[in-house]
Structures are given as C-alpha cells and as structure tokens.
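Q: Following is a predicted model, sequence given first.
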Amino acid sequence: MWSDVAQRPAVSAPPSTDANDTPYRKASAVTQGFLQIDRLSKAFVPAKPVFADVSFTLDKGEFVCIIGHSGCGKTTILNVLAGLDTATSGTVIMDGREVAGPSLDRGVVFQSHALMPWLTVRQNIAFAVKSRWPDWKKSQVDAHVEKFVALVGLSPAIDKKPSQLSGGMKQRVGIARAFSIQPKMLLLDEPFGALDALTRGTIQDELMTIVRQTQQTVFMITHDVDEAILLADRILLMSNGNETPEGYRPGGIAEVVVNPLPRERTRTSLHHLDGYYALRNHIVDFLVTRAKAH
Amino acid sequence: MTAAKNLNLRAGLLSVLIFLTLLGIWYVATSSSGASGATAGMTAEQIEYAKMMGKDPGASKSGGFPTLGAMGSTVWGHLSNPFYDNGPNDKGIAIQLAHSLGRVALGFGLACLVAIPLGFIIGMSPLLRRAFDPFIQVLKPISPLAWMPLALYTIKDSSISGIFVIFICSVWPMLVNTAFGVASVKRDWLNVSATLEVNPLRKAFLVILPAAAPTILTGMRISMGIAWLVIVAAEMLVGGTGIGYFVWNEWNNLSLTNVIFAILVIGVVGMLLDLAFGQLQKVVTYVE
C-alpha cells in the first residue's frame, strides 16, 4: 500500500499556477533528485556497520522525515548530510556536487539548539548572517536578523540572552538562525525532542508555515510519528542493525512511506483526515515489530 | 532582598566584632608587662649589679611584641607619607608596593602573552596536548624560587630575575586552564561554526575564546594569586626594592611594627588583586 513506487509522478508544470497543483502537493517546486544519497554506510566496528546501503533522494521543496529507534544511525546520516561526519562508504550529492564538508548551503538545526550563551538572540543570528554575507553592512545585517526573528515571533525577545528564554523559544531561535542564511536545504536533528507537547505543537505549526512559504527542502529526524505525518511528504522508516540466524544485518531504510494526506493539513484537524489512522498504524507497527530496537 | 541585606549587615557587624576582639586580645597581651615595681625589694647594690649584667630593671622593656599604640603610630606614619624616598633603604610604602606590583605586572603580563596563545594551540590539537603534557607535568610543580639561582646566573640582573620568577610561576595555571577551556568547548558550538563555514580566525576569537573565557580567567586568577605570593619571597632574596625586601629589611632592623604593617599591606593588596580578577571573571561568565 505504501511504498517507494507510490511516489508521485514528477510534474513539470510551470511554477505558481495553482491549477496544476495536485490536492496534496505543490508540484511546481519539485525538481527530481536535488539531494542524492547513494549506498551510504557507516561502521564503527568494520564487521558490523550501523547501517549500510542507505540510498534515497530528496527533491527540491520536499519535506522528508526519517523515523527509527535510537541507535539506528539517523543522526549519523544527518551529520553526513551536514558534512560534520564522514560515511565509511557511499556518496552524497547535492545539486550536482558531492558533499565533502560543512557548507552554508545546508542549514542545520541542532537538537540542543546550540545557541552561543554569551550572545543575545540578535547576535546569535547576526553571527550566522555575517558568516553568510561577510560584506553586508551593519544596517543590512540588522534588518535581515530582525526579519527572521519576526518570522518565528520572537521580536520582543530579540535582545535577550538564551538563558533568559524558554526551551521552545531557544529552539525557535535555532530555527530562525538556520533559515536566516537561506540555505539550499535544511537539516533538522530532532528539533522538538526536548520540548513539551504544547510548545512542540505550536512550533511545528510555525515550522510548517515557514517551510511552505519558503519552499524549503527539509530533511528531519524525529521520534514522533504524528510529527512525521503532519510535516513530511515522505517518511523514511529506518531499522536498527540486528543479529539474525543468518548473521548480522546492518540497519538501513526499510521502507519509504509517501504521505497520502493533503498537503494543506493542519495539526488540529490531522486526526480527522481519511487515511490518517491507517498511516499512523502502519508506522507504529513498523516501529514496534520490524524496526528491531535494542 | 531585604533578607539578604539583613544577612550582609549582620555579617558585617560580626566581622567588626571579631576585629575588635582580636585588637582587644592584642592590647591585653602586650600591655600587662608593666615595669613598675620591678625594683621593689631590691637594694641599691642589687640594682647596680643587675644593671651591670645588662638587666636594667628600671628601663622600659623593649624588643617584645609591639603594643597596639606603637602599631597604630607606625601605621599612621606609613600611610600619612607613603611616597617619601630617603635613599635605598628608606622608601615610602607606596613606592615599595609600586615596585612589587610593577614586577608582578610585567611577569604576569609576559606569562599571559605566552600561556594564552600556547594554551589555545595545545587545547585545539590533541597531538600537541599529548606532546606538551610531560613537560608541563614536570615543570608545573617546581617551586618558582628554585629557578632563582639559574635565573640570576643566566640573566645576571636581580630585578629581571625577579620578573622571570613571577613569569615562570604564573605561566602554568594559565597554560593548563586555557588548554582545558579550549579543549572542552562544546561540540555543538564548533559544529555550528563549521556549518556556517566560519574561518579559523573568526572561530577562534568569536566562538572558542568567549566559550573558554571563564576557564581562562580562572587560570589567570590563580596565577595572579601565586604571583603575589611569590613576589614577596623573591624580593626577600634579590633585595633592593619592593614589599618583600621591605619586610626583610625591617626584620633586620628588628622593627616588628613595620613587619606587621607590611604583612597587612600584602594581605590587603592580594585581596584587591583577587577581587579585580573576580570582577573580570563575572564579566566573561555566561549562563547556559
């Protein structure tokens, strides 16, 4: 029922003509194979790779979530995509060029927000903006920073230090920082993992709005099935490496689920949509029975 | 707020009380040795004999622990005229202090210039950290004064040797703390600067330096404390000028009031130096 084959056909319609939109997808922004991951593997112990033969592609403007138990190598994959880690074998190609190290083309939102505590919100984002555009004048940087702080609704807190902010606000700053450099794609490492359910919901909505507005390509790790269903166009289900009677089987992407729900879904009405429960059950069943958690 | 104020007030009152008690003990302990009545019951011949033996019972007792009054007049004498200069062995306390502080500042400053950049490099490179570690471990526990003969022999200048001793004792805590602070900068912040393609110089000054600043300042504070301990001993050895030399000189003069006064001054100046570094530390400390 859900499989890679079910990927929607590539539509080469001209941009921004609403008539060409399918009910669940803004097909206009999609370019095939913007990010190509080819037979990626990572082994800390040579004989037992954590994951192997991981291949998938991301199209431009697509939101892809990866879901799996701890230890399956999700974060390693994300770090390889970010250029912060290297794979044992395999290649990552973005926009026709191989990913060989960290780059301003890929914004990263870290799980622990990773804000510099000695800088204010403004300075934290300005640090990123100045790294992206070193020649910009101060007024230009300021305007840009203020725009992205406003985007996440933190204008009143712009001159506060991170220690004066709540966990949710810090994560918003982290998101604003990643968006402010206007990267070609965004990598999110379980950005809402440490937040309470209410805050998480609000920020999910905000993230979804910004991503839809900016047509951003996003790759995100999550543990939360509902979050994945709400945000992702496709969900990669990842299994852990495990010992089988035939020998060790490394982890990898067990299945790619295409989200059949309309793209204009909202968090509050998500569970009333047809197909939501079937999709949810499918993913939960995978995590419970097939993902082989340790 | 008021509770904290109240506590401060009470603590202050108690401090004053302890101080007055100590002064009181001092006063009682030194004033009881009255000379009156020492000659009572002695014949003229006996007094004469005692004088001949150098034990004049009539003379006021000197050379004992100074009285509070004598101490007070000495303190007043030094503080009322701190800048006089009557030749090599008689200078005002402020001039002596200035010499000591100048040596400490020079030695400490040189140590900063060496220890902080070197600590930065050692902290960033695990290879260098391991390579330097044995040297640091061996050199660190050496008493700075043990370097003095070598310094005097090679430098052939007592004043510069003093500065060298301050340098050598300040350098280790700063080096070790800087290296530690730099090495333990959070991985996340380095990852952020990596994904932002921050160039190495900008990363060093805008990410690593502020992140490690509290640890570096701790090292500097420890170093300053040690430097102030060592300068007194160093100046006792090399002589000439400085608060340490003043203590030694007044010991040779058997002027205990001056020695006690110098001890107090050393303590107060050390405290002020530490307070200054405490304030600096507050400035660079961040809350996560």
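A: Arrived safely.
Q: make it CA atoms for all contacts and neighbour counts henceforth
A: Fine.
Q: got the contact list for residue A:253?
A: Contacts here follow C-alpha atoms under 8 Å, 6 or more residues apart in numbering or on different chains; on that basis residue A:253 touches A:54, A:55, A:236, A:237, A:238, A:239.
Q: redo that, cut-off 10 Å
A: Contacts here follow C-alpha atoms under 10 Å, 6 or more residues apart in numbering or on different chains; on that basis residue A:253 touches A:51-56, A:66-68, A:72, A:74, A:236-240, A:291.
Q: Those residues also near chain B: which ones?
A: Among the contacts of residue A:253, none lies close to chain B by the criterion of C-alpha under 10 Å from any C-alpha of the partner chain.
Q: Give me the subset of those that lies in helices.
A: Assigned to helices by DSSP state H, the following of these qualify: residue A:74.
Q: What is the end-to-end distance of stretch B:181-193?
A: Counting by C-alpha to C-alpha, to the nearest Å, you get 17 Å between the two ends of stretch B:181-193.
Q: now that stretch: how far from the chain's centre is it?
A: In this view, stretch B:181-193 has its centroid 35 Å away from the chain centroid, taken as C-alpha atoms, centre = their mean, to the nearest Å.
Q: try stretch B:185-202
A: Centre to centre, stretch against its chain (C-alpha atoms, centre = their mean), the figure for stretch B:185-202 is 39 Å.
Q: buried sites along it?
A: Buried residues in stretch B:185-202, counting neighbours by 16 or more other C-alpha atoms under 10 Å in any protein chain shown, are found at B:185-186, B:188-198.
Q: what comes into contact with the helix ranked longest in chain A?
A: The helix spanning the most residues in chain A, taking DSSP H as the definition, is helix A:197-214. The contact list for helix A:197-214 (C-alpha under 10 Å, 6+ apart) reads A:26, A:61-63, A:151-153, A:166-169, A:171-172, A:175-176, A:179, A:182, A:186, A:191-195, A:215-218, A:227, A:230-232, A:263-268.
Q: List only those of the residues you listed flagged as buried.
A: By neighbour count, with 16+ other C-alpha under 10 Å, the contacts of helix A:197-214 hold A:26, A:61-63, A:151-153, A:167-169, A:171-172, A:175-176, A:179, A:182, A:186, A:191-192, A:215-218, A:227, A:230-232, A:263, A:265, A:267 as buried.
Q: Who are the contact partners of the residue lying closest to residue B:30 once chain neighbours are set aside?
A: Closest residue to residue B:30 apart from its sequence neighbours, by C-alpha to C-alpha, 6 or more residues apart in numbering or on different chains: residue B:67 at 5.3 Å. The contact partners of residue B:67, by C-alpha under 10 Å, 6+ apart, come to B:26, B:27, B:28, B:29, B:30, B:31, B:257.
Q: quick one, what contacts the residue in chain B that chain A sits nearest to?
A: Closest contact between chain B and chain A, by C-alpha to the nearest C-alpha, is at residue B:195 (4.7 Å). Going by C-alpha under 10 Å, 6+ apart, residue B:195 touches A:82-84, A:101-108, A:128, A:131, A:178, B:189.
Q: change it to 8 Å
A: Contacts of residue B:195 (C-alpha under 8 Å, 6+ apart): A:82, A:83, A:84, A:102, A:103, A:104, A:106, A:107, A:108.
Q: picking up where we left off before, among the contacts of helix A:197-214, which are within reach of chain B?
A: Among these, none lies close to chain B by the criterion of C-alpha under 8 Å from any C-alpha of the partner chain.
Q: Tell me which of the residues you listed fall in strands.
A: A:63, A:186, A:217, A:218 (DSSP state E).
Q: In TSV, list those along with pLDDT.
A: Shown next, in TSV, are the ones in strands among the contacts of helix A:197-214 (pLDDT from 0 to 100):
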residue	pLDDT
A:63	93
A:186	93
A:217	92
A:218	94
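Q: tell me the pLDDT at the residue nearest to residue A:51 when sequence neighbours are not counted?
A: Excluding the flanking residues, the one nearest residue A:51 by C-alpha to C-alpha, 6+ apart is residue A:251, at 4.1 Å. pLDDT for residue A:251: 87.
Q: Would you agree residue A:251 is in contact with residue A:74?
A: No: the pair residue A:251 and residue A:74 does not pass the contact test of C-alpha atoms under 8 Å, sitting 10.0 Å apart.
Q: what residues are shared contacts of these two?
A: Common contacts of residue A:251 and residue A:74, defined by C-alpha under 8 Å, 6+ apart, comprise residue A:238.
Q: Can you tell me which of the buried residues of stretch B:185-202 end up in strands?
A: Counting by DSSP E, the buried residues of stretch B:185-202 contribute nothing to strands.
Q: Quick check: of the residues you listed, which lies closest to residue B:13?
A: Distances from residue B:13 to these, taken as C-alpha to C-alpha, are shortest for residue B:185 (43.3 Å).
Q: Can you name the residues that contact that closest one?
A: Taking C-alpha under 8 Å, 6+ apart, we find residue B:185 in contact with B:208, B:211, B:212.
Q: Quick check: strands, which of the residues you listed are part of them?
A: Among the contacts of residue B:185, no member falls in strands (DSSP E).
Q: Next, the contact list for whichever residue of the stretch 51-200 of chain A sits closest to chain B, please.
A: Scanning the stretch 51-200 of chain A for the residue nearest chain B gives residue A:102, at 4.7 Å (criterion: C-alpha to the nearest C-alpha). Taking C-alpha under 8 Å, 6+ apart, we find residue A:102 in contact with A:82, A:83, A:84, B:194, B:195, B:196, B:197.
Q: now swap in residue A:222 and tell me
A: The contact partners of residue A:222, taken as C-alpha under 8 Å, 6+ apart, are A:65, A:66, A:67, A:68, A:189, A:190, A:191, A:193, A:228.
Q: Of the buried ones among the contacts of helix A:197-214, which belong to helices?
A: Going by DSSP H, the helices hold A:151, A:167, A:168, A:169, A:171, A:172, A:175, A:176, A:179, A:227, A:230, A:231 from the buried ones among the contacts of helix A:197-214.
Q: Return the member of those nearest to residue B:279.
A: Taking C-alpha to C-alpha as the measure, residue B:279 sits nearest to residue A:167 out of these, at 29.6 Å.
Q: Test my guess that the closest one contacts residue A:192.
A: No: using C-alpha under 8 Å, residue A:167 makes no contact with residue A:192, being 9.4 Å away.
Q: mind checking the end-to-end distance for stretch A:258-271?
A: 17 Å.
Q: Report back the residue of chain A that's furthest from centre.
A: Within chain A, residue A:245 marks the point farthest from the mean C-alpha position, 35.0 Å out by C-alpha atoms, centre = their mean.
Q: tell me which parts of the stretch 1-150 of chain A are close to chain B?
A: A:82-84, A:102-104, A:106-108, A:110, A:112, A:114-118, A:128, A:131-132.
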